[in-house]
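**Student:** this one's structure only:
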């Protein structure tokens, strides 16, 4: 997905939204005299939220499209909400934080913030967040959604300053069952790769031991040969040994990088 520069100052919109929320939550909804003002506040909130969604790169996720009501219903005795796993991977992400900032904001239908991360610096971001479920009914569940918004903010306010489009990939997993399944698949892949690396390491170790054995058994014969032959044999042994060390180092480095990318270490 492309994340173009935000059209307006998202911080100002969020500040205005927070003030409207505070005013709304301070009102006594049970009093009839407050109903008109409450409706007016809700209308203002809807307008600010709409401006915010239009100004930024936002994607809306309805739960009914990604997880069944039965799964949520069965998990509610243990969890008070739906757990969602989010992964954001940014392609060729190199921005000047003095001029440009990338923020992530997750909001519910009432525009309450579920999770917010400012000034993203990593090329890959992973975390879990919880969406609270207030009613255990199918109708309520079918209406629930959240918006994931990426704010590509121009931090440098000078007129000549420009910021770039950011490219990224967003992946979400809904519910603990799917999250556990994804983790199990990743663990299985890591175990398979680790077994292959162990096999390669064993084979290289056998080659190394065989070379050492050959050199030891052929040492009396090498003494009878000229110096040039002995030198070539030693050079060949050194080359093989260096390759052995390099291959082992590459294997270990690659495995560590893979595990870090998968957040397994």
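**Tutor:** Structure received. What you see is a predicted model, and the numbers here were worked out from it, not measured in a lab.
**Student:** domains for the protein, by residue range?
**Tutor:** 2-174, 185-261 (automatic domain parsing).
**Student:** mean pLDDT and mean neighbour count for those - can I get that in JSON lines?
**Tutor:** Every residue, glycine included, has its C-beta placed from N, CA and C. Converted to JSON lines, these look like this (pLDDT from 0 to 100; neighbours: other CB atoms under 10 Å):
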{"stretch": "domain 2-174", "mean pLDDT": "88", "mean neighbour count": "15"}
{"stretch": "domain 185-261", "mean pLDDT": "65", "mean neighbour count": "12"}
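**Student:** tell me what the residue lying closest to residue 66 once chain neighbours are set aside is bridged to.
**Tutor:** In space, and not counting its chain neighbours, residue 66 is closest to residue 174: 4.2 Å by CB to CB, 6 or more residues apart in numbering. Beta-bridge pairing of residue 174, defined through DSSP bridges, involves residue 84.
**Student:** can you pull the contacts of residue 174?
**Tutor:** By CB atoms under 8 Å, 6 or more residues apart in numbering, the residues touching residue 174 are 63, 66, 67, 82, 84.
**Student:** the last one contacts residue 132, correct?
**Tutor:** Yep, that's residue 84 we're talking about. No - using CB atoms under 8 Å, residue 84 makes no contact with residue 132, being 11.7 Å away.
**Student:** just the strands in this protein please.
**Tutor:** 2-3, 57-62, 81-91, 100-107, 113-117, 124-132, 145-154, 166-174 (DSSP state E).
**Student:** for residue 12, which of those is the nearest?
**Tutor:** Closest to residue 12 of the strands of the chain, according to CB to CB: strand 145-154, at 11.0 Å.
**Student:** elements contacting the closest one?
**Tutor:** helix 10-26, helix 35-55, strand 57-62, strand 100-107, strand 166-174 (3 or more CB pairs under 8 Å, 6 or more residues apart in numbering; DSSP states H and E).
**Student:** what helices or strands is the second one leaning on?
**Tutor:** Packing partners of helix 35-55 (3+ CB pairs under 8 Å, 6+ apart): helix 10-26, strand 145-154.
**Student:** and it with strand 57-62, angle?
**Tutor:** Here helix 35-55 runs at an angle of 120 degrees relative to strand 57-62 (axes from the mean of the first three to the mean of the last three CA atoms, to 10 degrees).
**Student:** now the angle from helix 35-55 to helix 10-26?
**Tutor:** Between helix 35-55 and helix 10-26, the angle comes out at 160 degrees (the same axes, to 10 degrees).
**Student:** using a markdown table, lay out the strands of the chain together with distance to residue 250.
**Tutor:** Below are the strands of the chain laid out as a markdown table (distance: least, CB to CB, whole Å):
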| stretch | distance to residue 250 |
| --- | --- |
| strand 2-3 | 34 |
| strand 57-62 | 38 |
| strand 81-91 | 24 |
| strand 100-107 | 33 |
| strand 113-117 | 34 |
| strand 124-132 | 22 |
| strand 145-154 | 36 |
| strand 166-174 | 27 |
